[in-house]
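Engineer: I need the structure of the sequence given here:
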Amino acid sequence: MGPGGRYGAPQFTPPLRNRRIRRCIRTGALLVVIGLMRAARTMQARWGDHKRRLELERELFAYCTPAQRYDLEATFDRYPDDITCELRDVLTSQPMAVRTNRIPGAGRY
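Structural biologist: Numbers count the residues shown, from 1 in each chain. Here you go, the predicted model:
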């Protein structure tokens with residue numbers, strides 16, 4: 001028990017050991033919150049890159065015939081590889097349209 005409180009009642013002071021434990025818990029909680037904020041920022045940046053890549057794939061999917069791809073690659077050849085490397089990666093990962101000489105709507109007979 002410590003010195004008298006506001007109305008002369010004895011005031012309870014926690015032992016020093018409890019203060020240390022509480023301080024460690026508060027410090028640990030603060031470090032966890034800071035770490036979670038950093039992780040959230042990192043994930044948001046990665047998700048943004050992923051979203052941009054999906055949009056790029058969607059736009060480049062329009063170039064699906066061999067002639068269109070050839071024209072696009074000829075355009076890429078005018079620029080340095082370090083600028084067009086992501087575009088080239090997306091194009092190589094996408095399938096090209098296959099042309100057939102069948103009559104449309106004739107089915108498989």
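
Engineer: only C-alpha atoms for contact and neighbour calcs from this point on.
Structural biologist: Will do.

Engineer: For the lengthiest helix in the chain, what is the distance to the chain centroid?
Structural biologist: Using DSSP state H to define each element, the chain has its longest helix at helix 16-60. Distance of helix 16-60 from its chain centroid, counting by C-alpha atoms, centre = their mean, to the nearest Å, is 12 Å.

Engineer: Follow the chain on from that helix and name the next helix or strand.
Structural biologist: helix 66-76 (DSSP states H and E).

Engineer: if we look at that following helix, which residues are touching it?
Structural biologist: 63, 84, 88, 96-97 (C-alpha atoms under 8 Å, 6 or more residues apart in numbering).

Engineer: swap in stretch 81-98?
Structural biologist: With C-alpha under 8 Å, 6+ apart, stretch 81-98 has contacts from 56-57, 60-61, 64-66, 73, 76.

Engineer: What's the ChimeraX syntax to select whichever of the contacts of helix 66-76 are buried?
Structural biologist: Filtering those down to the buried ones (16 or more other C-alpha atoms under 10 Å) takes a single ChimeraX command:
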select :63
